[in-house]
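**Student:** one predicted model, sequence on top.
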Amino acid sequence: MTITVWLSLFSICLLGAMSPGPSLAIVAKHSLASGRAHGIAVAWSHAMGIGIYAFITIIGLSVVMEQTPLIFTSITLLGSAYLIYLGSNALRSKGGLAAKLASGKKTPIFEGMREGFLTSILSPKIMLFFTALFSPFIAIANDTFNQIVIVSTPLLIDGLWYSLIAIFLSNSKVIDRVRSKALIIDRISGVILILLALRVIYTI
């Protein structure tokens, strides 16, 4: 894998982690309600689910692409359509990011970790996102090293990004600033997701 290809993978994974959704909601809730340590623990338990999803997706898509290219193309188009749907929702959002920054009751750290893991591993939306995300990279997943890189990149980015979210949300001033810019963040995320979907369709 060349550095250019990896940077493309890195950028897509980062944008995926940054896009508003239930993952942000669960990390934000535990960070705001139970503190920084809880938020970071939830972030990495969520990332473990992402890593498992990434592994299952890349192995499954490799088999599908080899045996039934038409099904692979259909899955890729479905994933791209889902990204466009997410982007459209973000463009129409009325401060959706701020609405997710709601505190809850303090919970035991392991309960928060379980919730973070289940949020990622049981989400069909994340499965569709990975289908769209990994389809351009399946062709280079032809050896163990590339597979490790492709699987570990979203895991590490997800864990690090949501750890930063947990740290930032420990500061009340940051919460107010994020809330005031929520509408702008939603709009930017929407445009990026739609452009990402169009890029995936173009590479089919």
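**Tutor:** Great, that's in hand.
**Student:** mean confidence for stretch 188-204?
**Tutor:** Mean per-residue pLDDT for stretch 188-204: 76.
**Student:** point to the helix or strand of this protein where mean pLDDT is at its lowest.
**Tutor:** None of the helices or strands of the chain scores lower by mean pLDDT, DSSP states H and E than helix 96-99, at a mean of 50.
**Student:** so which elements touch the helix or strand encompassing G190?
**Tutor:** G190 is part of helix 182-203 when elements are defined by DSSP states H and E. Packing partners of helix 182-203 (3 or more Cβ pairs under 8 Å, 6 or more residues apart in numbering; DSSP states H and E): helix 3-18, helix 69-92, helix 96-99, helix 124-134. C-beta here means a position set from N, CA and C on the backbone, and glycine is covered the same way.
**Student:** now M113. Nearest residue, chain neighbours left out?
**Tutor:** Nearest residue to M113 in three dimensions, chain neighbours excluded: S45, at 3.8 Å (Cβ to Cβ, 6 or more residues apart in numbering).
**Student:** what's the spacing between that neighbour and S74?
**Tutor:** Here the criterion is Cβ to Cβ, to the nearest Å. By it, S45 lies 33 Å from S74.
**Student:** how close does the most far-flung residue of the chain relative to its centre sit to F110?
**Tutor:** Centroid-distance maximum for the chain: Q67 at 28.0 Å, with Cα atoms, centre = their mean. Counting by Cβ to Cβ, the separation of Q67 from F110 is 41 Å.
**Student:** skipping its backbone neighbours, what lies nearest L9 in space?
**Tutor:** In space, L9 is closest to T153, 5.5 Å off (Cβ to Cβ, 6+ apart).
**Student:** in what helix or strand does the one you found lie?
**Tutor:** With DSSP H and E as criterion, T153 is part of helix 144-168.
**Student:** the inter-axis angle of that helix versus helix 3-18?
**Tutor:** Counting by axes from the mean of the first three to the mean of the last three Cα atoms, to 10 degrees, helix 144-168 lies at 40 degrees to helix 3-18.
**Student:** tell me the mean pLDDT for helix 144-168?
**Tutor:** Across helix 144-168, pLDDT averages out at 89.
**Student:** for stretch 69-84, same thing?
**Tutor:** For stretch 69-84, mean pLDDT is 74.
**Student:** and that stretch, C-alpha only, in PDB?
**Tutor:** What follows is stretch 69-84, C-alpha atoms only, in PDB (Å, rounded to 0.1, in the frame of the first residue of the first chain):
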ATOM      1  CA  PRO A  69     -19.000  -8.900  -9.000                       C
ATOM      2  CA  LEU A  70     -22.600  -7.900  -9.700                       C
ATOM      3  CA  ILE A  71     -23.600  -8.300  -6.100                       C
ATOM      4  CA  PHE A  72     -20.500  -6.500  -5.000                       C
ATOM      5  CA  THR A  73     -21.400  -3.500  -7.300                       C
ATOM      6  CA  SER A  74     -25.000  -3.500  -6.000                       C
ATOM      7  CA  ILE A  75     -23.700  -3.500  -2.300                       C
ATOM      8  CA  THR A  76     -21.400  -0.600  -3.200                       C
ATOM      9  CA  LEU A  77     -24.200   1.400  -4.700                       C
ATOM     10  CA  LEU A  78     -26.400   0.700  -1.700                       C
ATOM     11  CA  GLY A  79     -23.700   1.900   0.600                       C
ATOM     12  CA  SER A  80     -23.200   5.000  -1.500                       C
ATOM     13  CA  ALA A  81     -26.900   5.700  -1.500                       C
ATOM     14  CA  TYR A  82     -26.800   5.500   2.300                       C
ATOM     15  CA  LEU A  83     -24.000   8.100   2.400                       C
ATOM     16  CA  ILE A  84     -26.000  10.400   0.300                       C
END
